[in-house]
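Trainee: Using only what follows, build the 3D model:
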Amino acid sequence: MLDRTDSPRPLPADAALRARAASVIPGGLWGHMNAARMPADFPQFFSGAEGCRIRDADGNEYVDFMCAYGPMALGYRDPEVEAAAAAALAKGEVSNGPSPVLVDLAELLVDTIPHADWAMFQKNGTDATTACVTIARAGTGRRKILVAKGSYHGAVPWCTPSIAGVTAEDRAHLVEFEYNDAASLRAAAEAAGADFAGLIVTAFRHDARKKQEMPTEDFARAARAVCDAAGAALIIDDVRAGFRLHVGGSWEPYGVRPDLSAWSKAIANGWPLAAVTGNDRFREAATQIFVTGSFWCGAAAMAAALVSIRRFRETDAIPHMAAMGERLRAGIAAQAAAHGVTLSQTGPAQMPMVLFEDDEDLAKGFCFVSAALQRGVYLHPWHNMFLSAAHRPEDIDFALEATDAALAEVARRFG
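Mentor: Predicted coordinates:
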């Protein structure tokens, strides 16, 4: 792996902030945005963003292909979204009950998502996936939840990737299967037996550091079938992919509709919001569980979500993201061939993953993204990336100039 201490350019403001943070924040930062896992020249702190561009604390600007790890589907500081959120804030963010916008948003979701008869709101994707699992257990009176090996569903003990602080009891009722393996899924359902409460599955296989896989039609239909046979809940975790692949839910093109879905990320274009949608079979169970949060009914994020979802419905935002992703993918493929570099590009084009062959230590990936960063393009070496409706052809072409130089550097260093 690259020498993380050998940064090719100084980031003095970022370095000073990291030093201050290290003394008052464990590890300097927690969670998925901790830049300690990135090449040394990647900034930790950012001072602003607009459209598809971000600025770090030292004033450097980048065309961004992470979109805040997914939330920015329409682009940073989208004027229409920000105006709606500001108008809601001017009236008051939190009170003894929700703003009327909560009802407006629930109605819009039910009208937009084919499987949805009702909606509930939270703040984070983990809130939503956990609520789905809880509702499934309440509605069935059972305990076992089927989960794919390696899938990410959030950051609380039942699903976090880390086992630090997690007890065996926290995961005692999880039964694992292999994503996209219908036989493995059926075996897991059989193992759960009469205690099978629900199956939670991501929209596509988007495990970190691995090639991405779209679900096969056989697998998607098997998921619906095993749940129907057992009277269990099919839960789609659409936190990451929701409103980027299909406005009605990521498995809608497969003709497979879940009982419950978890949403967040793109739902409010950067404003903190998550949602659970469900069908009438689980309506009563949703009334029985107790989930809440002091800020879950904040009006600004819901106003932002109203605008965002209407834009996904009424404009070409989703196909535009896909088109820009295809433009980027085709350009990188041609460049890799020209430079004799072997890589894989997997996942949907609007949520791309780029991995290099024979790169277990990510040395090639680090070289690639660092070289692109120096040329004003922010990519990720081992996490799926994101396109937004704010990416224009000229942004993609600018990025491709950087990736061409970056792939040349990979070829020079590792060829």
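Trainee: Could you pull out the strands in the stretch 101-250 of the chain for me?
Mentor: Along the stretch 101-250 of the chain, the stretches classed as strands by DSSP state E, counting those that start in this stretch are 118-122, 144-148, 174-177, 196-202, 233-237.
Trainee: Determine which stretch of these is the most buried.
Mentor: Among the strands of the stretch 101-250 of the chain, strand 233-237 has the highest mean neighbour count (mean count of other Cβ atoms under 10 Å), at a mean of 29. Any C-beta I mention is one placed from the backbone N, CA and C, and that applies to glycine too.
Trainee: What are the contacting residues of the next helix-or-strand element following that strand?
Mentor: Where DSSP states H and E defines the elements, the next helix or strand beyond strand 233-237 is strand 260-263. Here strand 260-263 makes contact (Cβ atoms under 8 Å, 6 or more residues apart in numbering) with 113, 115-116, 125, 128-129, 131-132, 135-136, 198, 233-239, 242-243, 249, 274-279, 282.
Trainee: One more: stretch 297-309?
Mentor: Counting by Cβ under 8 Å, 6+ apart, 73-74, 80-82, 84-89, 91-94, 97-99, 101-102, 104-105, 108-109, 112, 121, 123, 243, 247, 266-273 sit against stretch 297-309.
Trainee: Whichever of the residues you listed end up buried, select them in PyMOL.
Mentor: Here is the PyMOL command that selects only those of those that count as buried (16 or more other Cβ atoms under 10 Å):
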select buried, resi 73+74+81+82+84+85+88+98+99+101+102+105+108+109+112+121+123+243+247+266+267+268+269+270+271+272+273
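Trainee: Going by secondary structure, residue 42 is in what exactly?
Mentor: With DSSP H and E as criterion, residue 42 is part of no helix or strand.
Trainee: Distance of it relative to residue 68?
Mentor: Between residue 42 and residue 68 the computed distance is 15 Å (Cβ to Cβ, to the nearest Å).
Trainee: More neighbours: which of these two?
Mentor: The neighbour comparison of residue 42 against residue 68 (other Cβ atoms under 10 Å) goes to residue 42, with 21 against 18.
Trainee: could you measure the residue nearest to the more buried one when sequence neighbours are not counted against residue 365, distance?
Mentor: Closest residue to residue 42 apart from its sequence neighbours, by Cβ to Cβ, 6 or more residues apart in numbering: residue 35 at 5.2 Å. For residue 35, the distance to residue 365 equals 15 Å [Cβ to Cβ].
Trainee: before we move on, what about residue 334?
Mentor: In this view, residue 334 and residue 365 are 19 Å apart by Cβ to Cβ.
Trainee: Mind pulling the model confidence for the residue most central in space within the chain?
Mentor: Geometric centre of the chain, nearest residue: residue 240, 2.6 Å, by Cα atoms, centre = their mean. For residue 240, the pLDDT comes out at 98.
Trainee: ditto for residue 415
Mentor: So, for residue 415, pLDDT stands at 84.
Trainee: Neighbours of it, how many?
Mentor: Residue 415, neighbours per other Cβ under 10 Å, totals 9.
Trainee: who's in contact with residue 117?
Mentor: By Cβ under 8 Å, 6+ apart, the residues touching residue 117 are 110, 278-280, 283.
Trainee: What residues of stretch 361-374 count as buried?
Mentor: 362-374.
Trainee: Using CSV, write down the CA coordinates of that stretch.
Mentor: C-alpha atoms of stretch 361-374 as CSV (Å, rounded to 0.1, in the frame of the first residue of the first chain):
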residue,chain,number,x,y,z
ASP,A,361,-3.4,-4.2,-0.8
LEU,A,362,-5.2,-1.4,-2.8
ALA,A,363,-1.8,0.0,-3.9
LYS,A,364,-3.0,0.5,-7.5
GLY,A,365,-6.3,1.9,-6.3
PHE,A,366,-4.6,4.3,-4.0
CYS,A,367,-2.3,5.4,-6.8
PHE,A,368,-5.2,5.9,-9.2
VAL,A,369,-7.4,8.0,-6.9
SER,A,370,-4.4,10.1,-5.6
ALA,A,371,-3.3,11.0,-9.1
ALA,A,372,-6.9,11.9,-10.0
LEU,A,373,-7.2,14.0,-6.8
GLN,A,374,-4.1,16.0,-7.7
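Trainee: quick check: mean pLDDT across it?
Mentor: 98.
Trainee: and that stretch, how far out from the chain's middle?
Mentor: In terms of Cα atoms, centre = their mean, to the nearest Å, the centre of stretch 361-374 is found 22 Å from the chain centre.
Trainee: Please report how far the residue lying closest to residue 193 once chain neighbours are set aside lies from residue 127.
Mentor: Counting by Cβ to Cβ, 6+ apart, residue 193 lies nearest to residue 144, which is 7.7 Å off, once chain neighbours are set aside. From residue 144 across to residue 127, the span is 22 Å (Cβ to Cβ).
Trainee: just checking, which of the buried residues of stretch 361-374 belong to helices?
Mentor: Among those, the members falling in helices (DSSP state H) are 363-373.
Trainee: Tell me, what's the model's pLDDT at the closest residue to residue 92 other than its chain neighbours?
Mentor: Leaving aside its chain neighbours, residue 92 sits nearest to residue 299 (7.0 Å; criterion: Cβ to Cβ, 6+ apart). Note on residue 299: pLDDT of 98.
Trainee: now swap in the one 10 residues further on and tell me
Mentor: Residue-level confidence at residue 309 comes out at 98, pLDDT.
Trainee: now swap in the one 3 residues further on and tell me
Mentor: What the model reports for residue 312 is a pLDDT of 98.
Trainee: Go ahead and confirm it touches residue 243.
Mentor: Yes: between residue 312 and residue 243 there is a contact at 5.1 Å, judged by Cβ atoms under 8 Å.
Trainee: unless I'm mixing things up, the residue nearest to residue 42 is touching residue 56, no?
Mentor: No: between residue 35 and residue 56 there is no contact under Cβ under 8 Å: 10.3 Å.
Trainee: Next, show the common contact partners of these two.
Mentor: Joint contacts of residue 35 and residue 56 (Cβ under 8 Å, 6+ apart) are residue 43.
Trainee: Who has more neighbours out of those two?
Mentor: residue 56 (20 against 16).
Trainee: Might you report the residue contacts of the nearest residue to that one once chain neighbours are set aside?
Mentor: Computed as Cβ to Cβ, 6+ apart, the closest residue to residue 56 that is not its neighbour in sequence is residue 43, at 3.7 Å. Contacts here follow Cβ under 8 Å, 6+ apart; on that basis residue 43 touches 11, 14, 35, 56-58, 60.
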